[in-house]
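S.K.: attaching a predicted model along with its sequence, questions to come.
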Amino acid sequence: MLALGAGPALAHGGGDIAGGFVGGFAHPLFGPDHVAAMVAVGLWGAVLGPPALWLLPVAFPLVMAFGGVLGIAAVPLPRVEIGIAVSAIVLGLMVAFAVRAPLGLAVAIVAAFAIFHGYAHGAELPPGADAIAFSAGFVIATGLLHLCGIGLGYAGIGLAARWPAGRFAVRLAGAVIAAAGVIFLRAAL
């Protein structure tokens with residue numbers, strides 16, 4: 001609910017967070033747009049179950065690291081903030097509607113959005129920062145956000161066996177993420 005009232009791209013403003021591993025680790029945690037999309041990746045993995053449960057959260061940080069290199073190298077990538085906002089919308093909707101996409105398609109969707117997230121982090125590398133340590137920090141933080149989504153998804157789906165509202169709670173979380181994505185998109189336009 002807090003994400004609905006927050007502004008977009010707070011993780012992508014550079015600014016006060018120092019470079020290095022700690023700065024990279026903290027960087028994605030201060031952007032509600034990034035947090036929403038990363039939790040949605042984990043939730044969608046939980047909805048799809050194995051092997052997507054682990055493949056989506058592994059593919060995203062790997063491709064995101066590539067996007068980070070593009071950002072550090074200042075390779076032009078238009079509409080990055082729009083891509084990030086759309087990622088929250090699409091991934092949230094995948095969870096909200098419990099979309100059972102084929103594994104290849106799910107990985108392709110997640111990987112496409114990972115480029116935008118990684119690019120934003122790489123482009124905001126603080127001057128003089130250790131690019132490797134900073135990148136390792138944001139990749140690890142992203143993985144932990146995926147694990148939060150998996151945990152929330154499995155808790156809700158696990159409760160569904162005893163409490164039918166568990167699956168509804170997971171889908172509702174997806175809807176909230178998608179709604180937050182709409183807010184992020186409006187701010188990015």
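M.R.: Looks like it came in fine.

S.K.: tell me the helices and strands packed up against the longest helix along the chain.
M.R.: When the chain is parsed with DSSP state H, its longest helix is helix 131-162. Packing contacts for helix 131-162, counted by 3 or more C-beta pairs under 8 Å, 6 or more residues apart in numbering; DSSP states H and E, involve helix 20-26, helix 32-48, helix 52-72, helix 103-123, helix 165-188. In this view, the C-beta of every residue, glycine as well, is placed from N, C-alpha and C.

S.K.: out of the ones you listed, nearest to residue 88?
M.R.: Set against residue 88 and scored by C-beta to C-beta, the helices and strands packed on helix 131-162 come closest in helix 165-188, at 3.0 Å.

S.K.: which positions in the closest one come out as buried?
M.R.: Neighbour-count burial for helix 165-188, counted by 16 or more other C-beta atoms under 10 Å, picks out 166-167, 169-171, 173-174, 176-181, 183-185, 188.

S.K.: just stretch 19-32 next, same as before
M.R.: When neighbours are counted by 16+ other C-beta under 10 Å, the buried residues of stretch 19-32 are found to be 19-21, 23-32.

S.K.: just the CA trace of that stretch, in CSV.
M.R.: Extracted in CSV, the C-alpha atoms of stretch 19-32 (Å, rounded to 0.1, in the frame of the first residue of the first chain):
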residue,chain,number,x,y,z
GLY,A,19,29.4,3.7,-4.3
GLY,A,20,30.7,0.2,-3.7
PHE,A,21,28.9,-2.9,-2.6
VAL,A,22,26.9,-1.3,0.2
GLY,A,23,25.7,1.5,-2.1
GLY,A,24,24.8,-1.0,-4.9
PHE,A,25,23.0,-3.2,-2.4
ALA,A,26,21.0,-0.2,-1.0
HIS,A,27,20.3,1.3,-4.4
PRO,A,28,17.3,-0.9,-5.5
LEU,A,29,15.8,-1.0,-2.0
PHE,A,30,15.0,2.7,-2.1
GLY,A,31,13.0,2.5,-5.3
PRO,A,32,9.4,1.4,-4.9
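
S.K.: for the longest helix of the chain, which positions count as buried?
M.R.: Buried residues in helix 131-162 (16+ other C-beta under 10 Å): 131, 134-139, 141-143, 145-146, 149-150, 152-154, 156-157, 159.

S.K.: do you know how far residue 33 is from residue 154?
M.R.: For residue 33, the distance to residue 154 equals 24 Å [C-beta to C-beta, to the nearest Å].

S.K.: go on, residue 53?
M.R.: Using C-beta to C-beta, we find residue 53 at a distance of 8 Å from residue 154.

S.K.: what do these two both touch?
M.R.: Common contacts of residue 53 and residue 154 (C-beta atoms under 8 Å, 6 or more residues apart in numbering): residue 46.
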